[in-house]
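In: fold the following and give me the result.
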Amino acid sequence: MQTGMVKTDLTFDTRTTPKNLSIRAAIEALFRQKLLFASVAATVMLLAIATSVLLPRQYVSEMKFLVQNARGNVVVTPEKTNPQNVASDVTETQVNSELEILRSHDVVDPVADPGWEKIPAGQQSLARVRQHEALLAGFDKKLETEPVRKTNVIDVRYRARDPQQARNSLQRLCQTYLAQHRRMQRPGGASAFFASEAERYQKAWDQASRDLVDFQQRHQLYSLAQRETDLEEKLTKGESDLLASDAGLKELDARLEESTRRQRTMATRQTTQDRTGPNLQSVQQLTTLIVELENKRTILLTNYKPEDRFVRELDRQIASTRAALNEAAVSKPLEVTTDVDPAWQQVRTEFAQGKISRRAQAGRRRAIAGQLVRLKRDLGKMQDLDVQYNNLEEQVKERRENHELYAQKRDQSQIADAMDDRGLMNVVVAQQPTLSYLPAGPKRLTNGVLGMVTALFLGLCAVYLAEAGRNTIATPHELESASRYPVLATLPIMSLPAVTAQESSGLEAARALLSMILSES
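Out: Just a heads-up that it's a prediction; the model follows:
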């Protein structure tokens, strides 16, 4: 077995070496370079131990912010605000924006260098600026911010040599960050501005309302549009009535003309009865008269004789009456009865009624025409007042809408102020800064393990580099590769402190044999 290395001028070709070295070859290389491996590993290990021992202890304070959309921002615009009551999901952009705000100079400067803001811009010397930048750089190195994966939570850590200092720094950072977020979310002075504007438009609205009421009382108007509508409806109805009156007058004139024509052609009377027969009334009267005369003669005979002059006179009257009775019973007179013609009478009545109706219709038409003239005049006055009334009404409406708008924004701003005072924002503290007396670094056990692993790795790397760069032959395999002849035997190279003469001669013979073999190869 070969325990030493022989230096030769032959170049060792690594391409002829197998790619996968055997464990034996690796162990042999490690033993050959044990001093190099031990020195490199010991140096790295000592550096790791020194770092763990000499570095000061670091304490970590941790806090968490929750980003949410539970509260909408108050938009300062002249238009009416329509708040959304449905909370939307938090996007990755929002979380990244909060991270950038958290690490911005406006947030970090007051925490890293509290006295920087008190120095005016013109009095900031170069040394003070460099000191400020150094403080910022140191604070930035100790501050760690990162979003928690698949959440809306931002994790913030700060390292310091004292646990109380770490927690106090995070508390100041939290206060500064929330104040900055509040200023960016809503401009300051919004509540006072909206309150003053709401009061101003309230007064303007009251004044416009008083002007409108005075105008209505002066012109006896309650609603100009309704008044115009009523006048237009009355005017339309009056025009319809006027047209109906004209049509009625024409109809009455036609009826009167026809009635006049028919009166001229119609007879005023007509025969209603034509009867031929005895005059029953005369017969009845004569019969009654004869009875009365005979009764009178009977009475006279009680006092006078039949030959008396009164009796004979009465007999003559009876005889003449009987003769007239007989003549009336025999004669048949013609009896004709006439009466007023009903058609003529109806036409005359209709004519008279038509005259009356026409006069009434003409009076109604004159009244309607006069009413139309008044309605048109009133409508013209209303139209003249329309511009003034509309301007006053528009002023009242506009100032009322402005008052309602600014009152709504005032209320929203006051609610937002109250929510800000109570910490109700879209970024809330999910975890207050922690106070831990257990040091977070340096971790001696972890550093020792890592130092050991690093030392072994760097030692092995040094052995590999040393083996890759050597120009000696250390193994029979390398000798076969270099000489292209098979290796028959190997002789160990030994150096003993004291040998005998016989052993010395044997060693010399071995060295000569080895030199001969090497020279032949």
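
In: helix or strand right after the helix or strand of the chain with the lowest mean pLDDT?
Out: In the chain, no helix or strand scores lower on mean pLDDT, DSSP states H and E than strand 6-7, which sits at a mean of 43. Per DSSP states H and E, the first helix or strand lying C-terminal to strand 6-7 is helix 23-32.

In: okay, the angle between the helix or strand following that following helix and helix 23-32?
Out: Next in sequence after helix 23-32, counting helices and strands by DSSP H and E, comes helix 34-54. Between the axes of helix 34-54 and helix 23-32, defined by axes from the mean of the first three to the mean of the last three C-alpha atoms, to 10 degrees, the angle is 70 degrees.

In: what residues sit buried inside helix 34-54?
Out: By 16 or more other C-beta atoms under 10 Å, the buried positions in helix 34-54 come out as Leu36, Phe37, Val40, Ala41, Val44, Met45, Ala48, Ser52. (Glycine included, C-beta is placed from N, CA and C.)

In: again with stretch 107-117
Out: Val107, Val108, Asp109, Pro110, Val111, Ala112, Asp113, Trp116.

In: mind checking the pLDDT average for stretch 215-228?
Out: In this model, stretch 215-228 carries a mean pLDDT of 72.

In: and it, how far from the chain's centre?
Out: 39 Å (C-alpha atoms, centre = their mean, to the nearest Å).

In: put the alpha carbons of it into CSV.
Out: Presented in CSV, the C-alpha positions along stretch 215-228 are these (Å, rounded to 0.1, in the frame of the first residue of the first chain):
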residue,chain,number,x,y,z
PHE,A,215,-93.1,87.6,-4.1
GLN,A,216,-96.0,85.2,-3.7
GLN,A,217,-97.8,87.4,-1.2
ARG,A,218,-97.3,90.5,-3.3
HIS,A,219,-98.7,88.8,-6.4
GLN,A,220,-101.1,86.5,-4.5
LEU,A,221,-99.4,83.4,-5.8
TYR,A,222,-98.9,80.1,-4.1
SER,A,223,-97.7,78.1,-7.1
LEU,A,224,-97.1,79.9,-10.4
ALA,A,225,-97.0,76.6,-12.3
GLN,A,226,-100.3,75.5,-10.8
ARG,A,227,-101.8,78.9,-11.4
GLU,A,228,-100.8,78.9,-15.0
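
In: I'd like the buried residues of helix 34-54 as TSV, with pLDDT and distance to Met184 appended.
Out: Putting the buried residues of helix 34-54 into TSV (pLDDT from 0 to 100; distance: C-beta to C-beta, whole Å) gives the following:
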residue	pLDDT	distance to Met184
Leu36	86	61
Phe37	87	59
Val40	89	55
Ala41	87	55
Val44	88	50
Met45	87	52
Ala48	83	46
Ser52	75	44
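
In: which SSE is immediately downstream of the lengthiest helix in the chain?
Out: Using DSSP state H to define each element, the chain has its longest helix at helix 342-421. Elements were assigned by DSSP H and E; along the chain past helix 342-421, the next helix or strand is strand 427-431.

In: which of the buried residues of stretch 107-117 fall within helices?
Out: Checked against DSSP H, the buried residues of stretch 107-117 include these in helices: Val107, Val108, Asp109, Pro110, Val111, Ala112.

In: from Ala127, how far off is the closest residue to Lys443 other than its chain neighbours?
Out: Excluding the flanking residues, the one nearest Lys443 by C-beta to C-beta, 6 or more residues apart in numbering is Ser52, at 7.7 Å. Counting by C-beta to C-beta, to the nearest Å, the gap from Ser52 to Ala127 is 36 Å.

In: can you show me the strands along this protein?
Out: Secondary structure of the chain (DSSP state E): strands at 6-7, 59-67, 143-147, 153-160, 269-276, 334-340, 427-431, 472-473.

In: how about residues contacting the longest one?
Out: Going back to what we said before, that points to strand 59-67. 90, 94-95, 98, 102, 148, 152-163, 166-167, 169-170, 174, 177, 426-440 (C-beta atoms under 8 Å, 6 or more residues apart in numbering).

In: buried members of those into PyMOL, please.
Out: Remark: buried members of the contacts of strand 59-67, expressed as a PyMOL selection using 16+ other C-beta under 10 Å:
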select buried, resi 90+94+95+98+102+152+153+154+155+156+157+158+159+160+163+166+167+169+170+174+177+426+427+429+430+433+440
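
In: stretch 125-142: which residues count as buried?
Out: Within stretch 125-142, the residues scored as buried using 16+ other C-beta under 10 Å are His132, Leu135, Leu136, Phe139, Lys142.
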